[in-house]
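In: Pasting the sequence and the predicted model now:
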Protein chains: 2
Amino acid sequence: MSRIGMYVKFTAKSGQRDNLVNILLEGAASEQPVKECELYIVNISDTEPDAVWVTEVWSHSEAQEASLAKEETKAAIQRAMPLIAGVESIKLTPVGGKGL
Amino acid sequence: MSRIGMYVKFTAKSGQRDNLVNILLEGAASEQPVKECELYIVNISDTEPDAVWVTEVWSHSEAQEASLAKEETKAAIQRAMPLIAGVESIKLTPVGGKGL
């Protein structure tokens, strides 16, 4: 089992970015006790006003899948869906560095 | 002064990705004692064999500029330049989440 990383870009519907950020921050808070979730950072873009990028690192892919399967996560996704115009992701393998 | 974040995508010249990764990991190691460098994670792409993505978070932009001005950083950039075919970056403002 090795670490996985992901940058997920959410494009919010017009005027909905900050509501989406709040739902994602709640998701991050719910991962605080989950040791396999090493990073879940919510960022806004400096150049695209509707874009939200989430930086994720998980200690293995099964941990990310387990998070997505939680009732709490499913409910948050249901609340977020109407706010989202599009989602893209960049899949990564963290090699090392500072902060992990 | 507020946090800044950045995803930097380096496209290595063919066959040079792992050499580039090693130079970037040395750079990350040199930032270990720098408290203003909160994250400097080196990742390889799961889909683009020549791509290296660096996830950076700094406590303020001046700290990143100070790092780039260090002789050690300048020397590393000189060593890395011949290995690099292209660089792009995505500028972010971290809002919160797990891991900062």
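Out: Perfect, I can see it now.

In: can we go C-alpha only for contacts and neighbour counts from here?
Out: OK.

In: Residue numbers of chain A in contact with chain B?
Out: Proximity of chain A to chain B (Cα under 8 Å from any Cα of the partner chain) is limited to residues A:5, A:25, A:28-29, A:31-32, A:38-47, A:90-100.

In: ChimeraX command for the buried members of those residues?
Out: With 16 or more other Cα atoms under 10 Å in any protein chain shown as the burial test, the buried ones among the residues of chain A next to chain B are selected in ChimeraX as follows:
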select /A:5,25,28,31,32,38,39,40,41,42,43,44,45,91,92,93,94,95,96,97,98,99
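
In: Among the residues of chain A next to chain B, name the ones in helices.
Out: Among the residues of chain A next to chain B, the subset assigned to helices under DSSP state H consists of A:25, A:28-29.

In: Who are the packing partners of the helix or strand encompassing A:V21?
Out: Per DSSP states H and E, A:V21 falls inside helix A:17-30. For helix A:17-30, the packing partners by 3 or more Cα pairs under 8 Å, 6 or more residues apart in numbering or on different chains; DSSP states H and E come out as strand A:37-45, strand A:51-58, helix A:71-80, strand B:84-98.

In: Mean confidence (pLDDT) on the third one, please.
Out: So that's helix A:71-80. In this model, helix A:71-80 carries a mean pLDDT of 94.
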